[in-house]
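Colleague: Predicted model and sequence below, questions to follow.
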Amino acid sequence: MKAKVIVAALILSSLWACNKEEEAAPPPPPPAKPKEFAAPSDGLLQPEKAARWRQADSLVRVLDSVFMDSLRAHPDRMPQLSAQQDAARDIAARKAGLLGWKEYLWILQDAPKNPANAAAFQAAGLSMANPVTDKKSEAKSGKEPTGKKDRGDRMAH
């Protein structure tokens, strides 16, 4: 009987010690902050980044259409919805393998200015052609003037 009491006491004390060790364990570290984008010093776009941009662009287009519907339905909530749209764009760009919305915008706006990036864009099936934005350029290009401005915020796929 004494042996059973001693064994039971040992088992209970070991279980009690295990519970204390679990309680004393430090909490897991917070998730790492996402890596921020910095434009390459040489201004060159890598072909895989151009391909990732194309994937991100398809996600961003869907997001933008959803947010435009929300903005039309709730114009009074424009600041809040715009902030949510920017956060969603950043997430979409990261899901596609970019370093967020800043890298997406760099590829869209700045990378095409460097002629050395033409091969990277072509490898991803993208065109670096600048959209026609005014009537003078339309006349020079031989296009029929439409009076409309093309959207300069997207690359041609």
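Modeller: Cool, got the structure.

Colleague: for this protein, longest helix please?
Modeller: Ranked by number of residues, the top helix in the chain under DSSP state H is helix 47-73.

Colleague: would you list every one of the helices in this protein?
Modeller: Under DSSP H, the chain gives helices at 2-24, 47-73, 78-95, 101-105, 118-123, 135-141.

Colleague: Show the average pLDDT along the longest helix of the chain.
Modeller: Averaged across helix 47-73, pLDDT comes to 94.

Colleague: same thing with stretch 86-103?
Modeller: Stretch 86-103 comes out at a mean pLDDT of 96.

Colleague: same for the longest helix of the chain, what does it pack against?
Modeller: Counting contacts by 3 or more CB pairs under 8 Å, 6 or more residues apart in numbering; DSSP states H and E, helix 47-73 packs against helix 78-95, helix 101-105, helix 118-123. Where you see a C-beta, it was placed from the backbone N, CA and C, and this is true even at glycine.

Colleague: Render the CA-only coordinates of the longest one in PDB, please.
Modeller: Put plainly, it is helix 78-95. In PDB, the C-alpha atoms belonging to helix 78-95 read as follows (Å, rounded to 0.1, in the frame of the first residue of the first chain):
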ATOM      1  CA  MET A  78     -14.200  56.800 -49.300                       C
ATOM      2  CA  PRO A  79     -11.200  57.400 -46.900                       C
ATOM      3  CA  GLN A  80     -11.800  54.100 -45.100                       C
ATOM      4  CA  LEU A  81     -12.400  52.100 -48.300                       C
ATOM      5  CA  SER A  82      -9.400  53.600 -50.000                       C
ATOM      6  CA  ALA A  83      -7.100  52.600 -47.100                       C
ATOM      7  CA  GLN A  84      -8.600  49.100 -47.200                       C
ATOM      8  CA  GLN A  85      -8.000  49.000 -50.900                       C
ATOM      9  CA  ASP A  86      -4.400  49.900 -50.500                       C
ATOM     10  CA  ALA A  87      -3.900  47.200 -47.900                       C
ATOM     11  CA  ALA A  88      -5.600  44.700 -50.100                       C
ATOM     12  CA  ARG A  89      -3.400  45.700 -53.000                       C
ATOM     13  CA  ASP A  90      -0.300  45.200 -50.900                       C
ATOM     14  CA  ILE A  91      -1.500  41.700 -49.900                       C
ATOM     15  CA  ALA A  92      -2.300  40.800 -53.500                       C
ATOM     16  CA  ALA A  93       1.100  41.900 -54.700                       C
ATOM     17  CA  ARG A  94       2.800  39.900 -51.900                       C
ATOM     18  CA  LYS A  95       0.700  36.800 -52.700                       C
END
